[in-house]
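Q: Test case, fold it:
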Amino acid sequence: MKRTPHRFAFPICLTLVMVMFGVVLVSGLVVPALGQAAPSRPSRGTLAEPEPHSGRPGFPANADPQISPFNQDDPCAMFRQPGNPKLCAPVKIFVTDAVEEKTGDRYCDPPGVLPCNEIKYIKRYVTFEYEAQASGFMLYNKDLSEFTVAIQGTPQKTKIVRIKGYNRWFTQKGGSGARVWQQRDFPVGPVTIRIPIRLSITYPHGEESKWNLSFSPLDIGSNDAELPTTSGSHLGSEAGDQGPKPWTIPPQEMKQIMAAGGFDKTFQWRDGQLGDQSYTDHHLTIKCEIGEPCAEKIQLAIRTQDGQDKYCFSEATPGKLELTLVADVTPAALADEVTWTLPELQGSTRVISPPEAKGRTITVTYTNLPKANSDFGLKTITAAVKHNRCQAEARKELRFFFPALAKNNPGGAAPNWFYYWAQTSACVGPARFGGGTEKCSINANSRDLGYYRSTVFDTVYYICDLKNLGSDFPFVAKRIADGKWADLRVTGIDTFAVACLHENAHYTHFNQWWKQYRTSDRIEDGNRNGILDDKEELLDKDKDLVPDALEEGLHLDPKNRNTYGIGPDGDDEEALCWFAEAGWKTGKADKEDWAKPGKQWK
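A: Below is the predicted model:
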């Protein structure tokens, strides 16, 4: 279960702390001087190992605190000496390590018969998992051209989560070839912590190795002869195709790690060839924190300079939306370190000042309205501050709108309300804007909000310019109350919705019922409605443009052209369009309406 590295491990020394001849000796650690390669690991026999410490799976081991190599609360204390050219930062690591070992074997069944009917089985299995924390320090030059990290764990901060395994074997019974299987579980009795975790990172580290990070895992033992010792996952050595991808941390990456306050990295690999029956799986996660603990909590809040939380694009072409954001930071000295995350709008050009999106105050300008209605609405602005290991994050939600009556959308031909509402649930069927044609002459008293060119069986229907109804598109729609027609006053996107439902019903009726009888022959179409006269006479005797065979199923009278008496010029096909608009539920599309004015501009 061991995978022994050959670089950057820690020989054990004792109790002396001093700085001399470029080498730091720290109670249990040999730390190479900055600029020197780390020593290779001696054989196990040369280690002066600490006394073992008892522990049980799931419990921290009891340990002698004197094994701690330095002040765990202030690892850099020993380096604060006048004239010391090196900087020091405290370091902590949090480790989870899981190892699973399987050793396979095989036998012939039945024995002594060729060719062999090979049966595979696991003869040895071990699973080991632990969690540990450890402290140490990082010595470095200001430009990070040289740095050394040294960390030593302790039994007190080590928790054995799981250690168990078994050996399995069989014996032959007589000459029949029958097998008697036996299994021995281990370990029996307590386990002991032999060597806690250790980690080092050194730069420069020597060109002969692809690693400048070394991790020595927890090493445990027991009095059970089946599992005298075992250890976790080692890092820091090349092993051909085995092991994780080597990781070298150069100065530029270390600068990024320190700016982020550390790193969180997981290594997974298998020792053993793919397809082998015997292998060891490793899953090691190291979370590292570098820098002083957060001594003063950072307070961070976002506000807009004008105090608003909703913004609308301008009516000009191209449309623009501009806002200024301010971060209130305590301590105020960190204001310049605030970084911003701002939403993108597809089809809109975003310009941030300053361009690095950093500082207490920033201005963002969006030019050109976005393509999708969904790009308006609720937008989240994020500000964050990181200083050493102190960090804070704040969020603010703003709402973005489009000017309803302008025509500065990406299409440009239709007004914005039509372009964007046509992308919502308020629109059904193939709607087009028809406000510029002679067929649209609506006013505040109109009932006709659109039209369908039934005589040519058009592939679309048209909605007129609803602004002619009034600023918020007021309209009296139809509804059914107590089995009778009644009025329903609607505005805005609800007016658009009932108009779409009504005109889409015309489109659907003519395409489903009459398109197959379409004609352009004026002799065969005396009433000029685009339908063969003989088919109308045969299928629609009451001349309401609803086939007689369908009327009873639609609650219509096949012998009455205007079953519901909807006006002197009404007929049953028009009544069905009233029924369609009556099916709209007022407010259904409010949450999709990002027009100004509109349902959510309040």
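
Q: For the spatially closest residue to residue 411 that is not a sequence neighbour, give me its contacts.
A: The spatially closest residue to residue 411, leaving aside those adjacent along the chain, is residue 419, at 5.2 Å (CB to CB, 6 or more residues apart in numbering). From N, CA and C alone the C-beta is placed, and that goes for glycine too. Each residue near residue 419 by CB atoms under 8 Å, 6 or more residues apart in numbering is listed here: 409-411.

Q: how about residue 419, secondary structure?
A: Taking DSSP: H, G, I helix; E, B strand; the rest coil as the rule, one finds residue 419 in the helix state.

Q: same thing with the one 4 residues further on?
A: Local secondary structure at residue 423 is given as coil here, using three-state DSSP.

Q: correct me, but it touches residue 370?
A: No - judged on CB atoms under 8 Å, residue 423 makes no contact with residue 370 at a distance of 11.1 Å.

Q: The strand ranked longest in the chain: which residues count as buried?
A: Secondary structure of the chain per DSSP state E: the longest strand is strand 147-173. Within strand 147-173, the residues that count as buried by 16 or more other CB atoms under 10 Å are 147-160, 163, 165, 167-168.

Q: got the contact list for the residue lying closest to residue 591 once chain neighbours are set aside?
A: Once flanking residues are discounted, residue 591 sits nearest to residue 600: 7.3 Å by CB to CB, 6+ apart. Counting by CB under 8 Å, 6+ apart, residue 600 makes contact with 377, 399, 401, 590-591, 593-594.

Q: Need the buried ones from those residues selected in PyMOL.
A: The following PyMOL line selects those of the contacts of residue 600 that are buried, judged by 16+ other CB under 10 Å:
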select buried, resi 377+399+401+593+594
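
Q: the more surrounded of residue 423 and residue 370?
A: residue 370 (22 against 13; other CB atoms under 10 Å).

Q: name the element that one belongs to?
A: Here residue 370, judged by DSSP states H and E, is contained in no helix and no strand.

Q: quick one on the thing from earlier: which of the contacts of residue 600 lies closest to residue 245?
A: Comparing the contacts of residue 600 against residue 245 with CB to CB places residue 377 closest, at 43.2 Å.

Q: which residues does the closest one contact?
A: With CB under 8 Å, 6+ apart, residue 377 has these contacts: 399-400, 594, 600.

Q: Tally up the residues packed near the residue nearest to residue 462 when sequence neighbours are not counted, please.
A: Counting by CB to CB, 6+ apart, residue 434 is the residue found nearest to residue 462 once chain neighbours are left out, at 2.8 Å. Neighbourhood size, residue 434 [other CB under 10 Å]: 22.

Q: Let me see the confidence value for residue 434.
A: At residue 434, the model reports a pLDDT of 91.

Q: if I read this right, it contacts residue 448, doesn't it?
A: No - contact criterion CB under 8 Å: residue 434 and residue 448 do not qualify, at 11.1 Å.

Q: Quickly list what's touching both of those two.
A: With CB under 8 Å, 6+ apart, residue 434 and residue 448 have common neighbours residue 464.

Q: if I look at the residue of the chain most remote from its centre, how far off is residue 533?
A: For the chain, the residue at maximal distance from the C-alpha centroid (CA atoms, centre = their mean) is residue 523, at 66.3 Å. Shown here: residue 523 relative to residue 533, a distance of 9 Å by CB to CB, to the nearest Å.
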